[in-house]
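Engineer: what follows is a predicted protein model with its sequence.
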Amino acid sequence: MNLNNYFAGDAMGRFIKLIPVLLFAVSYCVPEVLCQTSFQLVKKNGHYYTDASVNGNGNTPVFVETGFHGMVVGEEWYNTILASLPLEEITLDREEYLRTDRTKRRIAKLLKGKVPVGDLIYEGRVYVVDTHEDYVTLPVNLLKNETDTMASLIRFDFKKNVLDFVRHEDVNLDKMRTYALVENDPMPIFEATMELSDGSGHQLIQSGKFNFDLGNGSSVFFFRNTMLPALKKNKFKIQTSRDKSGNIVGQGIFAGWCKIGDKSKTGFSIGITNKIVGTDELGCVGPSFFKNGIVILDPLNNHIYYK
């Protein structure tokens, strides 16, 4: 369109007619640029990553999590992208560490507050660790869309590898199964009944809580203190792996069939970790349990939808 010709003649009248077109152009959102409430995920070694604008710093590499209780950044990332924010510092009385089943990192600084992520807001704890971090670890279940509070559903499409925030009217929830979401902050925990068989005649049925852990590369992972007694009672064969010195480095079972709620999977190994203590949860359920399906968190109505 040649705007010089367009405005020739009845300029004011034509300009008024043009206003809706201009408003549409301004309000139209390119997800990766203007209105980032949708994130393209990249899967590496069973984990999901994305690039996001964090506090206005575009293309920040992000490790997408739901199984952790706060944002984690290295000191270099903190100084680069977060130091300008008015985050409240939490005093540490002694030297504290962030521990996972594989790493131990010293907490250099503990903060809390709001951090812009695209057009969303993360609100919670921010752990600044003194190790080099290639990415920002982000618990996406704690993101909120404050500009469109109706878009409160957090949808994970594992076939398209897309994470986005949608409204109820954007999805057909009637055709999806549900778990009861009993907690979302700091991590999504749901209740379900599990049916388990090893394929050799040993079975168990157990109801309890599970953590939906997006950062878990396994389909299902059991916590030793809550699941090992039931597995032994029902005579499941506990496989043990050892290092060269004979020390136990891992335990697990083979699941001929595992059903959690209405979702089932056959023929896979389930690890048993002794790193998670002080919880009544049975274990973690990772995205590979849902294969190429869809999982939707609905924190406001206490549901996890899946298909």
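Structural biologist: Yep, that arrived.
Engineer: which residue, other than its chain neighbours, is closest to Val220?
Structural biologist: Nearest non-adjacent residue to Val220, counting by CB to CB, 6 or more residues apart in numbering: Ile270, 5.0 Å away. (Glycine included, C-beta is placed from N, CA and C.)
Engineer: where does Asn2 land on pLDDT?
Structural biologist: Per-residue pLDDT puts Asn2 at 41.
Engineer: how about low-confidence regions in the stretch 1-150 of the chain?
Structural biologist: 1-35, 101-102 (pLDDT under 70).
Engineer: so where do the strands sit in it?
Structural biologist: 38-40, 42-44, 47-54, 57-65, 71-74, 88-90, 97-99, 104-117, 120-129, 136-139, 143-144 (DSSP state E, counting those that start in this stretch).
Engineer: circling back: verify the stated contact: the residue nearest to Val220 with Ile253.
Structural biologist: Yes - here Ile270 reaches Ile253: they are 5.4 Å apart, a contact under CB atoms under 8 Å.
Engineer: shared neighbours of those two, anything?
Structural biologist: Any residue near both Ile270 and Ile253 by CB atoms under 8 Å, 6 or more residues apart in numbering counts here, and that gives Phe222.
Engineer: enumerate every residue touching Ile304.
Structural biologist: Taking CB under 8 Å, 6+ apart, one finds Thr178, Tyr179, Ala180, Leu181, Pro188, Phe190, Phe212, Val295, Ile296, Leu297, Asp298 in contact with Ile304.
Engineer: kindly provide the distance from it to Pro61.
Structural biologist: 27 Å (CB to CB, to the nearest Å).
Engineer: rounded mean pLDDT for the helix or strand hosting Ala255, please.
Structural biologist: Following DSSP states H and E, the helix or strand that holds Ala255 is strand 248-260. The average pLDDT within strand 248-260 is 91.
Engineer: parallel or antiparallel, which strands does it pair with?
Structural biologist: If you go by DSSP bridges, strand 248-260 pairs up with strand 189-197 (antiparallel), strand 239-242 (antiparallel), strand 263-273 (antiparallel).
Engineer: return the most buried member of the ones you listed.
Structural biologist: Mean neighbours per residue, mean count of other CB atoms under 10 Å, is largest over the strands paired with strand 248-260 for strand 189-197, with a mean of 19.
Engineer: give the rounded mean pLDDT of it.
Structural biologist: What strand 189-197 shows for mean pLDDT is 98.
Engineer: how about whichever helix or strand comes after it: buried residues?
Structural biologist: Of the helices and strands lying after strand 189-197 in sequence (DSSP H and E), the nearest is strand 203-212. Buried positions in strand 203-212, judged by neighbour count with 16 or more other CB atoms under 10 Å: Leu204, Gly208, Lys209, Phe210, Asn211, Phe212.
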